[in-house]
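Engineer: This is the structure alone, sequence omitted:
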């Protein structure tokens, strides 16, 4: 399977805990995006990378959120001191330049 | 900021019927994407439209971008249960697609009754 993969697919955590999600993009894609989707809504942009450089961050991305793409391949999204409002589907997408974004299956986070 | 409004919000059709989903933008569209999402899963790319008046088809799904580039429609002919899901339109926030940062509508939930 050469599509975008995300791990884990589901995560349940207690409020205040830290969580980390991983995204592996399509191998030749240099851009990687993170989105968040809550129930009944469309995905909302969080941040994106071109190679290893993080080029833009949404105001939705509070100081508790950090994303990295250290070698320009896979990316991680960490949420520190999780809150119940962080419960959502976290989607990763990748593209080659400004081409079509292809999405992964998502990581569903539930904060208790 | 740009907003996308989809209509209808939900739709139930009998198998074999045709249907249309609309996506209206508050600003000129420079790139309009249609994706399909099964509940709890990721988005599957369907089609991308860029030019006013453009129309693309894939199997029984046809998407159009109007001449003024502020509205797109997705038409499904002879619907099947496999067409069921959430259809999302997405637009590039950057003029000319420089950022490729997408904003999305709230989606249209389609159910197809056998």
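Structural biologist: Alright, I've got the coordinates. Just so it is clear, the model here is predicted, and its values are computed rather than measured. Numbering: from 1, shown residues only, chains lettered A, B, ... in the order given.

Engineer: What parts of chain A come near chain B?
Structural biologist: Contacts of chain A with chain B, taken as Cβ under 8 Å from any Cβ of the partner chain, map to A:4, A:6, A:31, A:33, A:35, A:40-45, A:48, A:56, A:89, A:91, A:93, A:95, A:97-106, A:108. C-beta coordinates here come from the backbone N, C-alpha and C atoms, glycine included.

Engineer: Sitting in strands, which of the residues you listed do you find?
Structural biologist: Secondary structure defined by DSSP state E assigns A:6, A:31, A:33, A:35, A:44-45, A:48, A:56, A:89, A:91, A:93, A:95, A:102-103, A:108 of the residues of chain A next to chain B to strands.

Engineer: Mark which of the residues of chain A next to chain B are buried, thanks.
Structural biologist: A:4, A:6, A:31, A:33, A:35, A:42-45, A:48, A:89, A:91, A:93, A:95, A:101-106, A:108 (16 or more other Cβ atoms under 10 Å in any protein chain shown).

Engineer: Chain B: which of the ones in strands among the residues of chain A next to chain B is nearest?
Structural biologist: residue A:103 (4.1 Å; Cβ to the nearest Cβ).

Engineer: Quick one, grab the pLDDT at that closest one.
Structural biologist: pLDDT for residue A:103: 97.

Engineer: ok now do it, which residues does it touch?
Structural biologist: Contacts here follow Cβ atoms under 8 Å, 6 or more residues apart in numbering or on different chains; on that basis residue A:103 touches A:4, A:91, A:92, A:93, B:35, B:42, B:43, B:44, B:45.

Engineer: now swap in residue B:90 and tell me
Structural biologist: The neighbourhood of residue B:90, defined by Cβ under 8 Å, 6+ apart, consists of A:42, A:43, B:4, B:32, B:33, B:34, B:35, B:102, B:103, B:104, B:105.

Engineer: Of those, just say which sits nearest to residue B:65.
Structural biologist: Closest approach to residue B:65 among the contacts of residue B:90 (Cβ to Cβ): residue B:32, at 5.6 Å.

Engineer: wait, doesn't that closest one sit right on residue B:71?
Structural biologist: No: if you go by Cβ atoms under 8 Å, residue B:32 and residue B:71 don't touch, sitting 9.1 Å apart.

Engineer: Using pLDDT, spot the least trustworthy of the contacts of residue A:103.
Structural biologist: Least confident by pLDDT among the contacts of residue A:103: that is residue B:42, with 93.
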